[in-house]
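Participant: Fold the following and give me the result.
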Amino acid sequence: MRRRSPREARFLKVSQLSAGARGINIVVKVLEIGEARTVYSRRDGREHRVADVLVGDETGVVFLSLWDDNIDKVQEGDVIEISNGYVSTFRNELRLNVGRYGSLRRSEREIPNINYSNNVSRRSR
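Facilitator: Residues are numbered from 1 along each chain as shown. Presented below is the predicted three-dimensional model:
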C-alpha cells in the first residue's frame, strides 16, 4: 500500500462530509451567495459579517459559512479549494467552514455537473 506524503492532500467529495469532521480538503463550485449579515462574536466581542453560501460538486451540495474577508473572495460560478476546513452543525444542519486555521482559494478545476438532489446540509448526523 502506497503512503501519502504529508504534502499530498486527500480531497473529499461533498457526499463524504459528516458532522464533526476536521482537516477537510475539498474542491466545490459556488452556486449561490446569501446576503451577508452582521453578527457579534462571543469570543472576541467584535462585529463580523457572515454569509451562507451554497456550494457543491457532482456528489451533492452543502452550505458553507463564510466570514468577513472570505465573503469578498468568491463569486457565484467560481470553483474554490478549501484546505483544512471543518464541518459543524448549526440549527440541525451540517455546515462546511473554513475556520481560523483553514484557507480558501480559487481553483482552476472545473465542476460541470452539480448534484442538487443530495443536500447534505439537511443531514444532521
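Participant: How about the secondary structure of residue 44?
Facilitator: Put simply, residue 44 is coil when judged by DSSP: H, G, I helix; E, B strand; the rest coil.
Participant: Tell me how many other residues surround it.
Facilitator: In terms of burial, residue 44 registers 8 neighbours under the definition other Cβ atoms under 10 Å. For the C-beta atoms, the positions are set from N, CA and C on the backbone; glycine is no exception.
Participant: which ones are touching it?
Facilitator: Under the criterion of Cβ atoms under 8 Å, 6 or more residues apart in numbering, the contact list for residue 44 is empty.
Participant: any idea how far it lies from residue 80?
Facilitator: Distance, residue 44 to residue 80, by Cβ to Cβ, to the nearest Å: 26 Å.
Participant: Strands of this protein, residue ranges please.
Facilitator: 22-33, 37-40, 47-57, 60-67, 79-90, 93-97, 103-106 (DSSP state E).
Participant: now the ones you listed as JSON lines including mean neighbour count, distance to residue 113 and mean pLDDT?
Facilitator: Compiled in JSON lines, the strands of the chain are given as follows (neighbours: other Cβ atoms under 10 Å; distance: least, Cβ to Cβ, whole Å; pLDDT from 0 to 100):
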{"stretch": "strand 22-33", "mean neighbour count": "18", "distance to residue 113": "10", "mean pLDDT": "97"}
{"stretch": "strand 37-40", "mean neighbour count": "10", "distance to residue 113": "31", "mean pLDDT": "93"}
{"stretch": "strand 47-57", "mean neighbour count": "19", "distance to residue 113": "9", "mean pLDDT": "96"}
{"stretch": "strand 60-67", "mean neighbour count": "23", "distance to residue 113": "12", "mean pLDDT": "97"}
{"stretch": "strand 79-90", "mean neighbour count": "18", "distance to residue 113": "13", "mean pLDDT": "96"}
{"stretch": "strand 93-97", "mean neighbour count": "21", "distance to residue 113": "19", "mean pLDDT": "96"}
{"stretch": "strand 103-106", "mean neighbour count": "13", "distance to residue 113": "20", "mean pLDDT": "97"}
